[in-house]
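Asker: Sharing a model prediction with you, sequence too.
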Amino acid sequence: MPRSHHGGRHELGQNFLIHRPTIDRIAGLTASTRGPILELGAGDGALTLPLARLRRPFTAVDIDEHRVARLARAVPGVRVSVGDALTVPIAAPVIVGNLPFHLTTPILRRLLAEPGWLDAILLVQWEVARKRAGVGGGTMMTAQAAPWFGFELHGRVPARAFSPMPSIDGGILAIRRRPRPRVRESERRAYDAFVRFAFTTRGGSIGAAVRAACGGDHGAATRALQEAGVASRALPRSVGAEQWPILWRGVRSGRLRA
């Protein structure tokens, strides 16, 4: 196939999915969602073809214009176009994609900042999938997104499932927008700042961060920690996604009383 004007496979970070169980798993997860589908990074159509059988409005995008032209001929019922996952309009309730591993984090950050979509079924680096789902400890990004999104891990994908084979495994990550956010949108900036402070304070426990956020009110901090079921000496990465919004409510109440 001719080289894309964006570069070759290495520059584009393309590792094509060839593992039938993984393809079927992603198609099955997508089938459980509702509404039009947007596929990011369609490549040679390993996911495009089975997703087209769902007979739902479907747009597939890829940065490689030659693969787009070939895929458009193979699936005439799907709108296939050239597009960059970092800039293409996110204009569908369901997002699916085998994301370039080197762009996983910026694409995730972009998706979590975009309104409108409801479900995302993504094949990403294993470590990213594991951390976003809170397996083995949470991350700042997941904690900041927790009031608005739920994350679920749906299995590890071995490196041999791709061609060419990458040096690391992948993971299937499902993200669902919560129908009712657990923190008010008007408080989002303050909530994000609280989470960032908790994660970036050197050697700090969550108790220290909560006390500081409560303006030094030890009583308010203790109540917030107890309501969330979080030990004062715990590290921020050990705080569960469901506990962060509860902590924030306690911190906010402590601020209001101060």
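Answerer: Sure, I can see it.
Asker: C-alpha only now, for contacts and for neighbours.
Answerer: OK.
Asker: can you give me the helices in the stretch 1-150 of the chain?
Answerer: 9-12, 20-31, 48-52, 65-74, 104-113, 126-132, 140-145 (DSSP state H, counting those that start in this stretch).
Asker: want to throw those into CSV with mean pLDDT and distance to residue 174?
Answerer: Converted to CSV, these look like this (pLDDT from 0 to 100; distance: least, Cα to Cα, whole Å):
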stretch, mean pLDDT, distance to residue 174
helix 9-12, 45, 24
helix 20-31, 98, 8
helix 48-52, 96, 16
helix 65-74, 94, 25
helix 104-113, 94, 12
helix 126-132, 92, 9
helix 140-145, 93, 13
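Asker: which parts of stretch 241-256 are buried?
Answerer: For stretch 241-256, burial by neighbour count (16 or more other Cα atoms under 10 Å) applies to 241, 243, 244, 245, 246, 247, 248, 249, 250, 251, 252, 254.
Asker: Output those residues in JSON lines, with distance to residue 36 appended to each entry.
Answerer: Shown next, in JSON lines, are those (distance: Cα to Cα, whole Å):
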{"residue": "241", "distance to residue 36": "28"}
{"residue": "243", "distance to residue 36": "33"}
{"residue": "244", "distance to residue 36": "32"}
{"residue": "245", "distance to residue 36": "31"}
{"residue": "246", "distance to residue 36": "34"}
{"residue": "247", "distance to residue 36": "36"}
{"residue": "248", "distance to residue 36": "35"}
{"residue": "249", "distance to residue 36": "35"}
{"residue": "250", "distance to residue 36": "39"}
{"residue": "251", "distance to residue 36": "39"}
{"residue": "252", "distance to residue 36": "38"}
{"residue": "254", "distance to residue 36": "43"}
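Asker: Okay, the residue sitting nearest the centre point of the chain and residue 175: tell me how far apart.
Answerer: Compute the mean C-alpha point of the chain, and by Cα atoms, centre = their mean the closest residue is residue 108, 4.7 Å away. For residue 108, the distance to residue 175 equals 10 Å [Cα to Cα, to the nearest Å].
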